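1. what would the 3D arrangement of this be:
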Amino acid sequence: MSEVRVSRWGLPAIDFHCHFPGEEPTQDRIDAEYEHACGPAKLSLLRRNSAGYHERVRRARTLPPTGPETRPAGEVAAAWRAEADAAGLERVVFMSGGGNDRLAGVVAAHPDRFLGFANHQPCSPGAAAELRRAATELGLAGYKVIAPWVTVPLADRSLWPVWEVCEEYGLPVVTHFGPVNGGGGMGHAPNMDPTALHDVAKSFPSVDFVVAHFGCGYPGELLRLGWANANVHVDTSSNQEWTRWMPYELTVKDLFRRFHETFGPERILFGTDSCDFPWGYITQYADEQVRVMDELNLSPDDRRLILAGNAARLLGLDLPGVATGRRDAA
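-> Numbering: from 1, shown residues only. Now for the predicted structure:
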């Protein structure tokens, strides 16, 4: 077994939440439904408004502009691997990548560095069978759900076959709650709030659920969800742009402190939400998180868990020298 890599931050690191560039078919469906109901002129106006907002955020974050990715998937994968090598990442976990088959092909070409999650909606026809195929035939390691896109409550019994597949194969589930696609995107929908996961987490206590982006606008609800369910975790990914829209001051340091105090270090997973080029791997997001851990004086053991150990445990990775900790009772 090869030696575990040491990242640019001095410890092994697994980025638990990235995206491989690719089209999102669910967003295409939502756009088509809107265009059918409201007309192409309104859809065009919505897209222009959203693009203007995204440009403002990009400038605030000093990130270069992006365009549609035209390179073959293999070429993009090679570029992504170079980014992971430069940061010293042990693994990169992709939450999406233009469909389950496409992402599985990317992961299969770089099995020592990449893992991928199935990313189809649980309310879609044949969702449970597709998830079983993703786990048993495609080799995908988990399941990613954009909760506001799900058209029935997450706890609806019609979705239980999907959660049962996760239970059967030990698949961790990463769930995005809160607004989707930044300003101008979806700001209200069923399953917007993490407490929508409460009854699912209670009914499937052996399944590890990870709520992305510190709750993305709903940190209080996520804290309550985690209080009630020891199998609920949080990931640190994204620029936390949503904090600008909170009615009180909230920083990345505040989020780390509160979740470290309540969830404990065993239920926090490091990630950046990196995706597109020319941004590549967004080291400034990761650097900020490590700086915050320095300021909070987190112990070396806690940092090891957050940066790699917890992800290794949930993904079933046997990495020499990476302590995986344990999940404490609530």
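2. remind me which residues of the stretch 201-330 of the chain are low pLDDT?
-> For the stretch 201-330 of the chain, applying pLDDT under 70 flags the ranges 326-330.
3. and with 90 instead?
-> Counting by pLDDT under 90, the stretch 201-330 of the chain shows low-confidence ranges at 241, 244-245, 319-330.
4. that one: helices as residue ranges?
-> 219-228, 252-262, 283-295, 300-304, 310-315 (DSSP state H, counting those that start in this stretch).
5. please work out which of those helices is packed deepest.
-> helix 310-315 (a mean of 24; mean count of other C-beta atoms under 10 Å). The C-beta positions use only the backbone N, C-alpha and C, and glycine is treated the same way.
6. dump the helices of the stretch 201-330 of the chain to TSV, plus distance to A134.
-> As requested, these are exported to TSV (distance: least, C-beta to C-beta, whole Å):
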stretch	distance to A134
helix 219-228	26
helix 252-262	29
helix 283-295	28
helix 300-304	30
helix 310-315	15
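7. which one of these lies nearest to V57?
-> helix 283-295 (13.3 Å; C-beta to C-beta).
8. quick one, helices of the stretch 1-150 of the chain?
-> 25-38, 40-60, 73-87, 100-109, 127-136.
9. mean neighbour count and distance to A286 added to the ones you listed, as a markdown table?
-> Output for the helices of the stretch 1-150 of the chain, formatted as a markdown table (neighbours: other C-beta atoms under 10 Å; distance: least, C-beta to C-beta, whole Å):
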| stretch | mean neighbour count | distance to A286 |
| --- | --- | --- |
| helix 25-38 | 13 | 26 |
| helix 40-60 | 12 | 18 |
| helix 73-87 | 17 | 7 |
| helix 100-109 | 18 | 21 |
| helix 127-136 | 19 | 28 |
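10. for those helices, which one sits closest to D193?
-> Judged by C-beta to C-beta, the one of the helices of the stretch 1-150 of the chain that comes nearest to D193 is helix 25-38, at 19.4 Å.
11. still on that earlier bit, of all the helices of the stretch 201-330 of the chain, which one comes closest to S206?
-> Closest among these, using C-beta to C-beta: helix 310-315, at 12.1 Å.
12. distance of the residue nearest to A109 when sequence neighbours are not counted relative to Y218?
-> Taking C-beta to C-beta, 6 or more residues apart in numbering, and ignoring the residues beside it in sequence, A109 has A77 as its nearest neighbour in space, at 5.9 Å. From A77 over to Y218 the distance is 34 Å, taken as C-beta to C-beta, to the nearest Å.
13. try G264
-> On the measure of C-beta to C-beta, G264 and Y218 end up 20 Å apart.
14. and these two? which has more neighbours close in?
-> Using other C-beta atoms under 10 Å as the criterion, G264 and Y218 rank with Y218 on top: 23 against 16.
15. am I right that the residue nearest to A109 is in contact with F20?
-> Yes. A77 sits in contact with F20 when judged by C-beta atoms under 8 Å, with a separation of 7.4 Å.
16. and for these two, which residues touch both?
-> Taking C-beta atoms under 8 Å, 6 or more residues apart in numbering as the contact rule, A77 and F20 both touch V106.
17. per-residue pLDDT of G182, please?
-> G182 is assigned 69 on the pLDDT scale.
18. for stretch 162-179, buried residues please.
-> For stretch 162-179, the neighbour count (16 or more other C-beta atoms under 10 Å) marks 162-166, 169, 171-179 as buried.
19. in helices, which of these fall?
-> V162, W163, E164, V165, C166, Y169 (DSSP state H).
20. could you dump those to a markdown table with distance to V252?
-> Formatted as a markdown table, these follow (distance: C-beta to C-beta, whole Å):
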| residue | distance to V252 |
| --- | --- |
| V162 | 32 |
| W163 | 31 |
| E164 | 36 |
| V165 | 34 |
| C166 | 30 |
| Y169 | 34 |
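21. let me know the closest of those residues to S237.
-> C166 (20.3 Å).
22. tell me the contacts of D294?
-> Here D294 is in contact with no residue (C-beta under 8 Å, 6+ apart).
23. and the gap between it and E288?
-> Taken as C-beta to C-beta, the span from D294 to E288 is 11 Å.
24. between those two, what contacts are shared?
-> In contact with both D294 and E288: no residue, using C-beta under 8 Å, 6+ apart.
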